[in-house]
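In: Below are the sequence and a predicted model for it; my questions follow.
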Amino acid sequence: MDTKVNVLSDSEHEIEINLGYDEIKEDIDKAYLEERKSISHPGFRKGNVPLSLVKKLYGEAIEYKASEKIANSKFWEVVEKENLKPISTPELSDLDFQIGEKLFFKIKYDVKPELELKNYTGLEIERPIFKLKEEDIQKEIDYVFKSNATFEDTDEVKDKDYKITVDLQRLDENNKPMGDQKSENLEIDLSDPNVHQQITENAMNKKVGDTVGFTFTDEHSHGEEKHVVDYIYSAEIKKIQKPVYPEATKEFIKKISKDKASSLDELREQIEKDFTDYYNSQSDKIYSSSLLDTIVKNNDFEPPKGYVENLHKRMVEMEKENAKRYNQPVNENVLSEQLKPKSVWNAKWQLILENLAEKENIKVEDSDIEEAVKTEAVKTGISVDKLIKFYKDSGRVEVLLEEKVIKFLKENNKLIEVDAEKKMKEQKAEKEKEDKK
């Protein structure tokens, strides 16, 4: 078997393999035996047609069909023997099979490009700091109590936490009822932010039997024509309900906090901790994302097409599985389009990651794997040895490598803390300025 590797580009190689017929004769004979199982012929039972007759009748078709399978098999033999590292699905680009003489073929495949990495250390990367406000904590406490409130009938609307039940009637421009546009016993939660502001405002201090009027304007376009329609409504109040909030007893606090607190002060502390943990988590995600995105931009390149396609297919399948798990509908074409930019970015980052790990000699040692599985072994009761094997067989080692590379990047770049609220205001002002240009 003669082999030759052609370097087509930094990320695409092609291998030529030339085999004498005697080198594939055994595979050809196996192909005949396999095909014979499904062949029938007058005078012979299916699978018992003599090989000589099979070769005479179908030999050329069988051998040509087998040649592609043999080419694929021989390619992977060479990959293992020569330690080639294709990162995408190989593509048969040329096949010359001459029965009784030779099998020659070419296969193209993507390889990991060697990148000249730059500007991945010494950077200044912003980490947004979300400041917790006392009003946020109080708002959460109010929400918890309101979500556990009951409602009782009353005669007058005192504030926006009330509910009203109305008969809703649309009116024409002369304030006359439009007979076919009435809804009865419609319940309205005045605290719902989606409720029209006029309804909430006009309902204040109203009593059962009173009416609440409101108007909203709908603007829409048909082609180049703009249509403006005023909708006028009158709502007769049939019922008013006021909230009755639960008492802040020890039992109630323990229930809503899942035994994390037993007093209002402790509940406030727990909510403050939850908010703080969440804000810190969001800050870390934004910082990490910004760090990696900056490094990808600093080392931008065209990733191998086949590698991107493989990643894209895997991402689409994962999203489809997630949707299936939660019984959510999926438009595969829309999903595919949405994931294309992400698959390109992921391909770039994965190849930068691998090149960076090699350049900085970052490796996952056995001790790293052992450390990672210790906690998991205690939780699951699975032995450390079995978990180590699972990590190596399931791709978890690649995850650990990425974690080590990201740790290296965080240690070698400068974190700049910025006020998230102030930053968002600056960005908004900048956008408004750009829009005016």
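Out: That came through, no problem.
In: Check which helices and strands the longest strand anywhere in the chain is in contact with.
Out: With secondary structure taken from DSSP state E, the chain has its longest strand at strand 225-244. Judged by 3 or more CB pairs under 8 Å, 6 or more residues apart in numbering; DSSP states H and E, strand 225-244 is in contact with strand 150-154, strand 163-171, strand 177-189, strand 211-222. Where C-beta positions appear, they are placed from N, C-alpha and C, glycine not excepted.
In: any idea how far it is from the chain center?
Out: 40 Å (CA atoms, centre = their mean, to the nearest Å).
In: Average the pLDDT values over the helix or strand following that strand and round to the nearest integer.
Out: Heading C-terminal from strand 225-244, the first helix or strand you meet, by DSSP states H and E, is helix 250-256. The average pLDDT for helix 250-256 rounds to 94.
In: one step back: in a markdown table, list the helices and strands packed on strand 225-244 along with mean neighbour count.
Out: What follows is the helices and strands packed on strand 225-244, written out as a markdown table (neighbours: other CB atoms under 10 Å):
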| stretch | mean neighbour count |
| --- | --- |
| strand 150-154 | 11 |
| strand 163-171 | 18 |
| strand 177-189 | 12 |
| strand 211-222 | 12 |
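In: Go through these and name the closest to residue 128.
Out: strand 177-189 (33.7 Å; CB to CB).
In: about what we covered before: next, format the helices and strands packed on strand 225-244 as a markdown table and append distance to residue 106 and mean pLDDT.
Out: Converted to a markdown table, the helices and strands packed on strand 225-244 look like this (distance: least, CB to CB, whole Å; pLDDT from 0 to 100):
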| stretch | distance to residue 106 | mean pLDDT |
| --- | --- | --- |
| strand 150-154 | 76 | 95 |
| strand 163-171 | 73 | 93 |
| strand 177-189 | 69 | 88 |
| strand 211-222 | 57 | 82 |
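In: can you put those in TSV and add distance to residue 103?
Out: Shown next, in TSV, are those (distance: least, CB to CB, whole Å):
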stretch	distance to residue 103
strand 150-154	81
strand 163-171	80
strand 177-189	76
strand 211-222	65
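In: First-to-last residue distance for stretch 238-257?
Out: Its first and final residues considered, stretch 238-257 spans 37 Å by CA to CA, to the nearest Å.
In: Name the residues of it that are buried.
Out: Buried positions in stretch 238-257, judged by neighbour count with 16 or more other CB atoms under 10 Å: 240, 241, 242, 246, 252, 253, 254, 256, 257.
In: Show me what it is in contact with.
Out: 144-146, 148-158, 161-167, 185, 206-208, 261-264, 266-267, 270 (CB atoms under 8 Å, 6 or more residues apart in numbering).
In: ok, which stretches of this structure are strands?
Out: Under DSSP E, the chain gives strands at 2-7, 12-20, 91-98, 102-110, 124-129, 150-154, 163-171, 177-189, 211-222, 225-244, 414-419.
In: for the ones you listed, which one sits closest to residue 312?
Out: Of all these, strand 102-110 sits nearest to residue 312, with 13.6 Å by CB to CB.
In: tell me the angle of that closest one relative to strand 2-7?
Out: Here strand 102-110 points in a direction 30 degrees away from that of strand 2-7 (axes from the mean of the first three to the mean of the last three CA atoms, to 10 degrees).
In: Lovely, talk soon.
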